[in-house]
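>>> no FASTA, just this:
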């Protein structure tokens, strides 16, 4: 990278920023972990990092990738699109990563993916569910999570078939993920019943904690069920304030609340008891995953929730692709993944030509009294 | 209009009042500091955030070492939070603003933005990025109305209203009746003259920062109890709203800060409840712009006299 | 001054240590985890101790030493007019050469950071006209930046206009918004003005976020890739036209697009910098400065205060609008998260750190403040903390900004 033409003026920059890392041909394979490691989504960045870190450690212990060790590079985008582009450029050029796990926020993933695609670097996001991530048909971009439209549809079917309710208030957090989810939910209801009209469709502001005015409004329109597209930091206070005002209507949300932080944000399991959510079939119950989960809990004292195991699985998929291909460019790896299903801790993952998972395995979960969630057994509930 | 609608309107009014009281408590800190040295203390919202953490830590600590009666626990948590934030407020003034006292007025503003970045990220590093929570201390609500149709106020919310009222009254007495209050007002009017008359203006400024921080602590403690959850980012959103409230009421005026807070809270609550939640912030800022166009120095602020 | 007052030193050390403990112990020694508590009694010791050590070292080691050196050297401030002028020209030429070389020397990463630097220079120069020259504190400057970027997004997706035709249009639209904001706030001063502009910026962002039909809301808008007057930079043609690398028989490189963008922005930045540098020397600029100092006197002297202030708002806004278009072209995707209040604060920080009204200072500060978070990336999670710390330190070390603006004086003879 360093050319003799560079003047001494440049040297200051170089010593500070480039380091010595990539001058020597490395014996490691670098993989970037890009996500919000700071900022108000840092809790998710933590899940991303812990999952990938553990997976890399396990793979390295088992001999690495054809003898080479995996080395992780952290890239912090704070969920800001501006920083996401910088991180992407830096991971591609300075760190020479062969693949990237991330980013988290769809609004960061979309601009960053253009750069990975142009540079021919494989990027797999375990978390960005916005349809646009793969709808642009970029060659080297995949994801190990479902799409908003799949998730919203499952929740809508659940509302109509199992809960049999029709007066529903649809809320979202005005962000890419949350609004996408809420719109998909609404679209599915309209598709099944063209005359359907939600009683309320509004967006709250992320970062706020007081939703009492909105909650009072939910009460005044007499909603029988509430669907919320958003993350746990807003869902928690929202559901707590609903219950405080005596609204018992079922609360349904997506995988943005898959975290014990949801119970914490709601101030205890009393409020979250009975909340439904859509999430991929439980990784923690798949036999391949059980051992890993156990290790997380005992060795790292970390509850592998939310996106942790998906990040782990993403790393496994990347490792499998790297092992089975001599060329490590994005196109080869992506093509291989699209043609070969990979066994991971969350089950077998297979991709379609767009980079989405072939089989979305969203199911309905229910939070219980202890503040834990488990897959809902639909047999027991014919009526609400 | 039937009874149900009336209850809903009443409920929204309560929602607005409680929200407004929290804005008001924080706005007082902005207003006091502005009144004394004419700077916008952007780090003030973060002090509120820190106080939420301290409160939760103290409550958890009390639970850890064996329980206390709820009332005592709340009192201890409040006093301890006030102590810590007072130290923090003093320290921030000492380190980040005092060296800039004699430079032009935008310099401390930028330094304040730096301080708020530091506080936010320090808390994130020290306490983690996750949502934190506090157990519900006071269960129960006051309800007016029947089984289906009612309006209610929880004890937590009631506590916020009482705290706002009490602290507002005591602050008024402090500024209006005591010797310290007089030196405060003197410093506000003419710092140089106040110094000549033997007032230690530096001490006054320090104390004003401490009092502002203490008010943020009161808000932090009771609001945290009310919502039950918080994270390291709450200071920013609430801070901007409280600052809006302070300007709306006339920055520098303490009753104005409370009035502005209540107004912003009620406006938000009603707009959100009866029109549209998406645009409630647009509405709040719209009111602000409108009022300032009609009355350029806020509701209770003194109009600036342009000297020739 | 070789003698160090030992007793005082220890006293200060202990006082700092205890104060630091008072803050660090409650916030670091106990860590909340859900409803539980982890106690880590040794964790706060390291930062508290290091803080005490740093402060004592600074007070009793560094400060006296520096003072000593200063006195020993017998330094005196001497005005060296001719030499500084020559030096300035040399530095200017070197800087221009260097900035022109950037796209060909550096990797895509630094090139993109360079583009971002230039965008922030533009923004800061625009705000400098409003805050620095006109003395109108504007906390909602990011609104115009957003208007520029979204003008690009909306025009390109609904009418198919390209980068080059949008550029002047965005400047016009943003200027229009500047005047729209300018009218109601003509009567306001100081911090009332600040909060109204803050509200204005927020309103723009919220509308962009909520008006899904037009702007795509949080899903944002895609922006077509930059073309060279209709010639594409991609490897394969999307619209069937000739390609840049084929036309100029170059090897295909994904960097070409960014290199061109960089050079375009650079040219534009130079133009704006020149205008900004000349402004205090021409009539309209001087009336701006005069208005800042004393509005009543100016009005009695017949300066059109309405027109002058609106001019300041409009020109600042149009520069921000153009910066928004450049931002859109670089990112190729815009959504409202890029235009939060924090951006306004950052731009204002650049202007103040650089020295209000000083073109050179503002440019230096913009480069520093944009490159700094990137340089700090090696500190990973401590990055933003350090950024805040450096902001405070810079402000305290240079309260007047990096370059203190001096205006040329005129006398009657």
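The structure has been received and is ready for your questions. Quick caveat: nothing in here was measured; it's all calculated off a predicted structure.
>>> tell me which element residue 217 falls in.
In the absence of a named chain, this looks at chain A. helix A:212-221 (DSSP states H and E).
>>> the intended chain is chain B.
Counting by DSSP H and E, residue B:217 is part of helix B:201-227.
>>> ok, now residue A:69?
strand A:69-76.
>>> could I get the average pLDDT for that strand?
Mean per-residue pLDDT for strand A:69-76: 90.
>>> okay, now the nearest residue to residue B:214 once chain neighbours are set aside: neighbour count?
Nearest residue to residue B:214, sequence neighbours excluded (CB to CB, 6 or more residues apart in numbering or on different chains): residue B:82, at 4.9 Å. C-beta: built from backbone N, CA, C; applies to glycine. Burial measure for residue B:82: 22 neighbouring residues, criterion other CB atoms under 10 Å in any protein chain shown.
>>> what's the distance between residue B:82 and chain C?
According to CB to the nearest CB, to the nearest Å, residue B:82 stands 12 Å off from chain C.
>>> mind checking the SS state of residue A:30?
strand (DSSP: H, G, I helix; E, B strand; the rest coil).
>>> what about it, how many neighbours?
18.
>>> nearest spatial neighbour of it, chain-adjacent residues omitted?
That would be residue A:97: by CB to CB, 6+ apart, it lies 4.5 Å from residue A:30.
>>> I'd guessed the one you found sits against residue A:32; true?
Yes: counting by CB atoms under 8 Å, residue A:97 does reach residue A:32; the two are 4.1 Å apart.
>>> overlap in contacts, these two.
Contact with both residue A:97 and residue A:32 is made by residues A:73, A:91, according to CB atoms under 8 Å, 6 or more residues apart in numbering or on different chains.
>>> the residue of the stretch 201-350 of chain A found nearest chain C: neighbour count?
Closest to chain C within the stretch 201-350 of chain A is residue A:264: 5.2 Å, counting by CB to the nearest CB. Neighbourhood size, residue A:264 [other CB under 10 Å]: 27.
>>> contact partners for it?
Here residue A:264 is in contact with A:236, B:130, B:131, B:132, B:133, B:229, C:34, C:35 (CB under 8 Å, 6+ apart).
>>> and the stretch 301-413 of chain C, which residues reach chain A?
Contact residues, the stretch 301-413 of chain C versus chain A (CB under 8 Å from any CB of the partner chain): C:327, C:330-335, C:337-338, C:373-375, C:377-378, C:380-381, C:383-384.
>>> quick one: contacts for residue B:39?
Residue B:39 touches B:33, B:97, B:105, B:108, B:109, B:112, counting by CB under 8 Å, 6+ apart.
>>> what do you get for residue C:270?
residue C:96.
>>> following the lengthiest helix in chain B, which helix or strand comes up?
Across chain B, the longest stretch assigned as helix under DSSP state H is helix B:3-37. The first helix or strand that comes after helix B:3-37 along the chain, using DSSP H and E, is helix B:44-64.
>>> for that next one, buried residues please.
Burial within helix B:44-64, assessed by neighbour count using 16 or more other CB atoms under 10 Å in any protein chain shown, is assigned to B:44-62.
>>> what do you get for stretch C:12-25?
Under the neighbour-count criterion of 16+ other CB under 10 Å, stretch C:12-25 has C:12, C:13, C:16, C:17, C:19, C:20, C:21, C:22, C:23, C:24, C:25 buried.
>>> test my guess that the third one contacts residue C:56.
Yes: taking contact to mean CB under 8 Å, the distance of 6.9 Å between residue C:16 and residue C:56 places them in contact.
>>> what distance do you get for the residue nearest to the spatial centre of chain C to chain B?
Chain C has residue C:347 as the residue nearest its centroid, 3.7 Å off, counting by CA atoms, centre = their mean. Residue C:347 sits 11 Å away from chain B, going by CB to the nearest CB.
>>> for that residue, give its distance to chain A.
From residue C:347 to chain A the distance is 13 Å (CB to the nearest CB).
>>> which strands and helices lie in contact with the host helix or strand of that residue?
Element membership of residue C:347, judged by DSSP H and E, is helix C:341-354. Helix C:341-354 sits against helix B:107-127, helix C:108-127, helix C:142-158, helix C:190-210, helix C:359-375, helix C:383-397, with contacts defined as 3 or more CB pairs under 8 Å, 6 or more residues apart in numbering or on different chains; DSSP states H and E.
>>> so which bits of the stretch 101-250 of chain B are right by chain C?
Counting by CB under 8 Å from any CB, the residues of the stretch 101-250 of chain B close to chain C are B:103-104, B:106-107, B:109-111, B:113-118, B:120-123, B:125-128, B:132-135, B:240, B:243-244, B:247.
>>> which of the residues you listed are buried?
Neighbour-count burial within these applies to B:103, B:106-107, B:109-111, B:113-118, B:120-123, B:125-128, B:132-134, B:240, B:243-244, B:247; the criterion is 16+ other CB under 10 Å.
>>> most neighbours of all the contacts of residue A:264, which one?
Most neighbours among those, by other CB under 10 Å: residue A:236, with 29 neighbours.
>>> for the chain, which segments are assigned as strands?
Picking chain A for this. Using DSSP state E, the strands of chain A run over residues A:28-35, A:69-76, A:99-101, A:122-125, A:141-143, A:168-172, A:200-203, A:225-229, A:251-253, A:276-280, A:342-344, A:347-349, A:362-367, A:373-375.
>>> that's the wrong chain, I wanted chain C
Going by DSSP E, chain C shows strands at C:30-33, C:36-39, C:221-222, C:333-334.
>>> tell me the average confidence for the last one?
Regarding strand C:333-334, the rounded mean pLDDT is 86.
>>> from the contact counts, what lies against it?
helix A:106-119, helix C:142-158, strand C:221-222.
>>> so what strands line up beside the last one?
If you go by DSSP bridges, strand C:221-222 pairs up with strand C:333-334 (antiparallel).
>>> and the residue of the stretch 101-250 of chain B found nearest chain A, how many neighbours?
Chain A sits closest to residue B:228 of the stretch 101-250 of chain B, with a gap of 2.6 Å, by CB to the nearest CB. Other residues within reach of residue B:228 by the criterion other CB under 10 Å amount to 26.
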